[in-house]
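A.B. asks: here's my sequence, what's the structure:
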Amino acid sequence: MKKTIILLAAIAVAIDLAIVAVLVFDLQPPLRGAVNLTPNIELTIYGGEITVDGQVRYAYGFSPDTMTAPGPTLNFTQGDIVGITFVNVGQVVHTLTIVPFVDPNNPEVLDNYDTGLVEGGDSATIVVQFNQVGNLNYQCAVPGHASLGMWGNITVTEQ
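C.D. replies: Predicted coordinates:
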């Protein structure tokens, strides 16, 4: 009987913490593969290698011909559900990963918003719901690629 009461109390505490996380901190469960949402915005981002002043850099852009290091700023409105397709037009593997801040060696992935490794010539799509106003970043999570320019800013404004 005592074990049952302890188990029920632990479950109640876990449920309370989950409710607090959602209501107070606006934390959402991972969307990639966990929740089927229909994007209200579809966006394609290209990534790969470019040469700047004779140096190889890694870059993002809205087309293969407009890739820059760092990549373009992405602007969204709070509540937008965005389908982001990442197309790797480069020769080596890259990712498109949503992060709170750029870290070239050990990025903190937000809510599993990561394409995973995408080979050259391949693509992958993630669906992201931007619930909080503020600034985020996107970057390639392959170690060292962000330090060579493969990152960009995300700005989320109020509705």
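
A.B. asks: how far away is the residue nearest the centre of the chain from residue 65?
C.D. replies: Central residue of the chain (Cα atoms, centre = their mean): residue 98, 2.1 Å from the mean position. With distances taken as Cβ to Cβ, to the nearest Å, residue 98 is found 25 Å from residue 65. (Each C-beta comes from the backbone N, C-alpha and C, glycine too.)

A.B. asks: any idea which helix or strand comes after the helix or strand hosting residue 86?
C.D. replies: For residue 86, the element it lies in under DSSP states H and E is strand 81-88. As assigned by DSSP H and E, the chain's next helix or strand after strand 81-88 is strand 97-99.

A.B. asks: pLDDT of that next one, averaged?
C.D. replies: The average pLDDT for strand 97-99 rounds to 96.

A.B. asks: per-residue pLDDT of the closest residue to residue 82 other than its chain neighbours, please?
C.D. replies: Closest residue to residue 82 apart from its sequence neighbours, by Cβ to Cβ, 6 or more residues apart in numbering: residue 41 at 4.6 Å. For residue 41, the model assigns a pLDDT of 95.

A.B. asks: and residue 41, how far from residue 72?
C.D. replies: Taking Cβ to Cβ, one finds residue 41 at 15 Å from residue 72.

A.B. asks: elements contacting the longest strand anywhere in the chain?
C.D. replies: When the chain is parsed with DSSP state E, its longest strand is strand 41-52. Contact partners of strand 41-52 among helices and strands, from 3 or more Cβ pairs under 8 Å, 6 or more residues apart in numbering; DSSP states H and E: strand 55-61, strand 81-88.

A.B. asks: in the longest one, what counts as buried?
C.D. replies: Yep, that's strand 81-88 we're talking about. 81, 82, 83, 84, 86, 87, 88 (16 or more other Cβ atoms under 10 Å).

A.B. asks: which phi and psi does the closest residue to residue 105 other than its chain neighbours have?
C.D. replies: Residue nearest to residue 105 in three dimensions, not counting chain neighbours: residue 143, with 5.3 Å by Cβ to Cβ, 6+ apart. With angles defined as degrees, to the nearest 10, residue 143 sits at phi -50, psi 130.
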